[in-house]
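[1] need the 3D shape of this:
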Amino acid sequence: VARRLHPHVAPTVLQLLQCALCAPHTHRQDNKQPQSEWPERERSADSDAYVSDGSKFQEAKVPQLVQQILKQVPQDELRMFVKAFLLETNSTAVRWQAHALLLAIYNNSSQSDQASLVSLLWGIWPTLPQYGRKAAQFVDLLGYFTLKTPDIDTEKYVGSAVELLRNQNQLLSSHGNAALYAALSAYVELDGYYLESEPCLVCNNPEVPMATIKLPTIKIDSKFTTTTQIVKLVSSHMISRISLRIGDIKRSKMVRTINFYYNNRTVQAVQELKNRPGMWHKAKRVQLQSGQSEVRVDFPLPIVACNLMMEYADFYENQQATGESLQCPRCSQSVPANPGVCANCGENVFQCHKCRAINYDEKDPFLCHACGFCKYAKFDYTLTARPCCAVDTIENDEERKKMVQTIGALLDKADRVYRQLVANKPVLESLLHKISEHRLEGRAGDENSNASNTSFSGAQINRVIQTLAHKYCVDSKGHFEDLSKIIQKVLACRKELVAYDRSQSEQLKGDTLPVYAGLVQNYDSDLSKESGGGCYGCSLACAEHCLTLLRALASQPEHRTRLCRFGLVQELVQHNLHRGTPQEEVRALICLVTRDNLPATEQLCTLLTQRITLSLMGHAASQDHNNSVRPLVLLLGSLVKVQDSVECWESRLRCIVKLWVWCCPQLTEVAGIPPAAHAILKAEALAGIPGINTSSPNSHQFALQQVALPCLRYMQQLMAPVPPAPVPSTDSEQSKDNKESTTPVTPPPPTLVQAQQVQLIHAVSAVSSPTGNVVVDLAAWLAGR
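    Purely as a prediction, here's the structure:
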């Protein structure tokens, strides 16, 4: 039922299901008492919303309900429920509601039903890329169910997870903007990927949270009668609360009743809505106490409105106070209500104090019919709302034609915005080329950098980088957001068009299926046909979801061997270790997968040695090589900290020492160790290839900084003994030390290399002193003998 309802109603139905199946957080098991009937819903004293009493939750009946659900709901319908509320919906709160429901269903099902549910979720797994960032809750459930369910085809599921990660890595590597995004990420913070060739239905539909908005800030037009205020909003808004603050209250006439109306009709002028009650829907009727200054109106279901109308329907009136005298709007003299003409200045006292308009039909109106001024009170409205894309409902063929014309106009506008967005790409590439080649023109009158220069006038930042950041984070982002709004509007129009056409066809056939049910079925089938693999942001989000699931699977030792067999380690080192933000998580996953697995550890060490050595061999220092070598060296530092078997740990330590020795020519010659190229390349491939440290002084310095010093630091950390706990001294000893202490002269600080060498010497002496002289054949140990 929830899937067939309107999106604004579905969360309430999901909440009802959650109250029936999920135990509340405040529920205590020791206070649970058997009850013969279901607990009644209780109405709160201060609102019309229903609240559930958590103490009346009956956990004993949950398995029966779950069995009824699994018996009456077919697998196809359950699959559509999962896709609709766990993947497709744009609301994070709704996805967590569906997450809680499926978890409750799983926990109260038999093993066979649990296996069926796991199989159903893994059947949806290949379509994960088309949902992008919205699949986090789905992945969380899938990992938990897979680990907890016995007797399932885990081999197949693990292979499917690795295969999807491999596919997404290939898409990311071959993406047309991959190199541009990678270059941009070195200089600016990428909050989004704004240079895509096609609009993405996920990235172009961001979730906007509810916010507190002053009504005048989203008002573009307003009209008034003597008792009503009609407001046209800048766009459709989903409103969950209206707050009113009444100030400057006059006791002579106070509001008793306020009626709130709304509609979602797009009109050219708000005058079209005036004196037309049939176009309005009543949202709420509020009764006020005499002198009440604050009102809060909460809607159980949010209303979607383009226009609002507030009607002041009833009043508290003091006839004696209003009938005696009035204040002149010009000279503020007290004037008798009859005849209502000021004897001092001759003004009509019934005219508006703000715009001087006179209402000849009603002498003393509550609101001015021209400007809306009220002399009895001041009304300040605040909305809790967010913008949304809602369109007019199509009721006849004429409105259908208008909707088609609207879609065409929106698509033309989207094409113009897209062309402006695409035009930014060559500009960004040119700026990146200037930065990489150090060709800074430095012209003060550069038009592209004027705006950014003013915003960063106090900071010493390269002007080309400033221009690059402004072009991508301001211009491109602005065009992307405009395009997103247009695409959302087009989707809303198309949904309404499909709903109208389907309702017309159902009427001709005599079918009584709900209109929205058909729309959801249509939309679901269309969405499932899309590959969803063209968006860089969605592919990157899917790869991160794969890493999350694989990290959960790797928590069990039996799955680690499968992951190594499917080539996960090589895939992570080749692609994911250098891309994206969660590089620390990738390193943790690699350490976890190769834990207590000597063949996998040796294979990983060989792979890292080859990649680092080939990156350094014959190349000068550059930013590109820094980005390629640094993640590999950081991975070595994480690997050597893993506490598992001695054989695996020694293999990882041998890799670090070997790289350190290869970066130090003197050590290589003294120890008789062959150069790095001879260890990783065949003899026929060595002709004309220099060693690591012989190509140029820059490459030698780069190898020392990026590889040798980090490896030296890792070894120093391993050999440094644990510092002993300080022994507390007595008061007499402390006073004696204070008397004898003098202020020493501070020596100059040593360099980084000198400090690390001193620490290494102290660490080696501290470790070897109790064991005597130990002689190690370094070449033989590095060779594995």
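[2] in this structure, which helix or strand is least confident?
    strand 42-43 (a mean of 34; mean pLDDT, DSSP states H and E).
[3] mind listing what's buried along stretch 196-214?
    Judged by neighbour count (16 or more other C-beta atoms under 10 Å), stretch 196-214 contains these buried residues: 196, 199, 200, 201, 202, 203, 204, 205, 213. Placement of C-beta: from N, CA and C, glycine included.
[4] what of stretch 79-94?
    Buried residues in stretch 79-94 (16+ other C-beta under 10 Å): 80, 81, 82, 83, 84, 85, 86, 87, 88, 89, 94.
[5] please work out the average pLDDT along that stretch.
    Averaging pLDDT along stretch 79-94 yields 90.
[6] columns secondary structure on top of the buried residues of stretch 196-214, output as TSV?
    Below are these laid out as TSV (DSSP: H, G, I helix; E, B strand; the rest coil):
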residue	secondary structure
196	coil
199	coil
200	coil
201	coil
202	coil
203	coil
204	coil
205	coil
213	strand
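[7] any idea which residue is closest to the centre of the protein?
    residue 133 (7.0 Å; C-alpha atoms, centre = their mean).
[8] wait, that one sits on residue 541?
    Yes. Using C-beta atoms under 8 Å, residue 133 makes contact with residue 541 at a distance of 4.7 Å.
[9] report pLDDT for the residue nearest to the centre of the chain.
    Reported pLDDT for residue 133: 90.
[10] in the chain, which helix is the longest?
    helix 397-437 (DSSP state H).
[11] that one packs against which elements?
    Contact here means 3 or more C-beta pairs under 8 Å, 6 or more residues apart in numbering; DSSP states H and E; on that basis helix 397-437 packs against helix 178-185, helix 463-470, helix 477-509.
[12] what angle do the helix or strand harbouring residue 161 and helix 178-185 make?
    Per DSSP states H and E: residue 161 is located in helix 154-174. Relative orientation of helix 154-174 versus helix 178-185 (axes from the mean of the first three to the mean of the last three C-alpha atoms, to 10 degrees): 80 degrees.
[13] circling back: closest to residue 318 out of the buried residues of stretch 196-214?
    Nearest to residue 318 among the buried residues of stretch 196-214, counting by C-beta to C-beta, is residue 213 at 35.1 Å.
[14] which stretch of helix or strand covers the nearest residue to the closest one once chain neighbours are set aside?
    Sequence neighbours aside, residue 383 is the residue nearest to residue 213 in space, at 4.9 Å (criterion: C-beta to C-beta, 6 or more residues apart in numbering). According to DSSP H and E, residue 383 maps onto strand 378-387.
[15] other residues contacting that strand?
    208-215, 218, 229, 235-248, 310 (C-beta atoms under 8 Å, 6 or more residues apart in numbering).
[16] so of those residues, which ones are in strands?
    The members of the contacts of strand 378-387 that map onto strands under DSSP state E are 211-214, 229, 235-247, 310.
[17] for the helix or strand hosting residue 632, list every residue counted as buried.
    Assigning secondary structure by DSSP H and E places residue 632 in helix 623-639. Neighbour counts using 16+ other C-beta under 10 Å place 625, 628, 629, 631, 632, 633, 635, 636, 638, 639 of helix 623-639 among the buried residues.
[18] where along the chain do the strands fall?
    Under DSSP E, the chain gives strands at 42-43, 50-51, 211-214, 219-224, 228-247, 253-263, 281-287, 294-317, 325-327, 334-336, 378-387.
[19] export those to CSV and append columns for distance to residue 187.
    Shown next, in CSV, are the strands of the chain (distance: least, C-beta to C-beta, whole Å):
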stretch, distance to residue 187
strand 42-43, 58
strand 50-51, 52
strand 211-214, 32
strand 219-224, 39
strand 228-247, 35
strand 253-263, 47
strand 281-287, 50
strand 294-317, 41
strand 325-327, 65
strand 334-336, 71
strand 378-387, 32
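[20] quick one: closest of those strands to residue 371.
    strand 219-224 (7.2 Å).
[21] could you verify my assumption that residue 269 touches residue 220?
    No. Residue 269 is not in contact with residue 220 according to C-beta under 8 Å; the separation is 10.4 Å.
[22] and the residue nearest to residue 219 when sequence neighbours are not counted, how many neighbours?
    Distances taken as C-beta to C-beta, 6+ apart place residue 231 nearest to residue 219, at 5.2 Å, with adjacent residues excluded. Using other C-beta atoms under 10 Å, residue 231 has 24 other residues around it.
[23] ok, now residue 278?
    By other C-beta under 10 Å, 5 other residues sit near residue 278.
[24] and if you look at the one 3 residues further on?
    Under the neighbour criterion other C-beta under 10 Å, residue 281 is assigned a count of 12.
[25] again with residue 24
    Residue 24 has 14 nearby residues by other C-beta under 10 Å.
[26] and if you look at residue 491?
    Residue 491 - counted by other C-beta under 10 Å - has 18 other residues nearby.
[27] list the contacts of it.
    Applying C-beta under 8 Å, 6+ apart, the residues contacting residue 491 are 201, 205, 389.
[28] any idea how far the first one is from residue 280?
    Right, the one you point to is residue 201. The gap separating residue 201 from residue 280 is 33 Å, by C-beta to C-beta, to the nearest Å.
[29] and residue 60, by the same measure?
    For residue 60, the distance to residue 280 equals 48 Å [C-beta to C-beta].
[30] hmm, back to that, could you give the angle of the longest helix of the chain to helix 623-639?
    Counting by the same axes, to 10 degrees, helix 397-437 points 90 degrees away from the direction of helix 623-639.
[31] for helix 397-437, give the mean pLDDT please.
    90.
[32] for stretch 465-482, same thing?
    90.
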